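K.L.:
No sequence on hand, only this structure:
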């Protein structure tokens, strides 16, 4: 996957654009868990917990206002890793 496409995905809402179609990615599933075939590294996880990210939880209130000016805060998830998929043609990574 190209870094520029991944960066763009972080700035576009799935409500406004079909990212899979726009970037030509191939959707695959492993035991019902979706992932992109073009990815070099995939973590297949299951959700353990979900917590709304409240504006009052931010240590710096200015950061909350900057990140979520409309009050449309994200949720935090805790997940358990079930499986890791690594592309065979590029098995070494710098972490």
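P.N.:
Done, it's in. This is a predicted model, so every value here is computed, not measured. Numbering: from 1, shown residues only.
K.L.:
Check the nearest residue to residue 35 once chain neighbours are set aside and give its pLDDT.
P.N.:
Once its chain neighbours are removed from consideration, residue 35 has its nearest residue in residue 42; the separation is 4.5 Å (CB to CB, 6 or more residues apart in numbering). Where C-beta positions appear, they are placed from N, C-alpha and C, glycine not excepted. Each residue has a pLDDT score; the one for residue 42 is 93.
K.L.:
Neighbours of residue 42, how many?
P.N.:
Residues within reach of residue 42, counting by other CB atoms under 10 Å, total 18.
K.L.:
Report the buried residues of the helix or strand it falls within.
P.N.:
Take DSSP states H and E as the rule and residue 42 turns out to sit in strand 41-52. For strand 41-52, the buried set under the neighbour-count rule, 16 or more other CB atoms under 10 Å, comprises 42, 44.
K.L.:
ok, and what's touching that strand?
P.N.:
Residues external to strand 41-52 that are found in contact with it (CB atoms under 8 Å, 6 or more residues apart in numbering): 30-31, 33, 35-36, 73, 75-87, 93.
K.L.:
Restricted to strands, list these.
P.N.:
Within the contacts of strand 41-52, membership in strands is found for 30, 33, 35-36, 75-86, as judged by DSSP state E.
K.L.:
Of those residues, which is the nearest to residue 17?
P.N.:
residue 36 (15.7 Å; CB to CB).
K.L.:
Can you tell me how far the closest residue to the closest one other than its chain neighbours is from residue 42?
P.N.:
With sequence-adjacent residues excluded and distances taken as CB to CB, 6+ apart, residue 36 is closest to residue 25, at 4.6 Å. Plainly put, residue 25 is 12 Å away from residue 42 if you go by CB to CB, to the nearest Å.
K.L.:
Mutual contacts of the two, please.
P.N.:
When contacts are counted by CB under 8 Å, 6+ apart, the set common to residue 25 and residue 42 consists of residue 36.
K.L.:
what pairs with the strand holding residue 42, and is each one parallel or antiparallel?
P.N.:
Neighbouring strands of strand 41-52 in its sheet, by DSSP bridges, are strand 75-86 (antiparallel).
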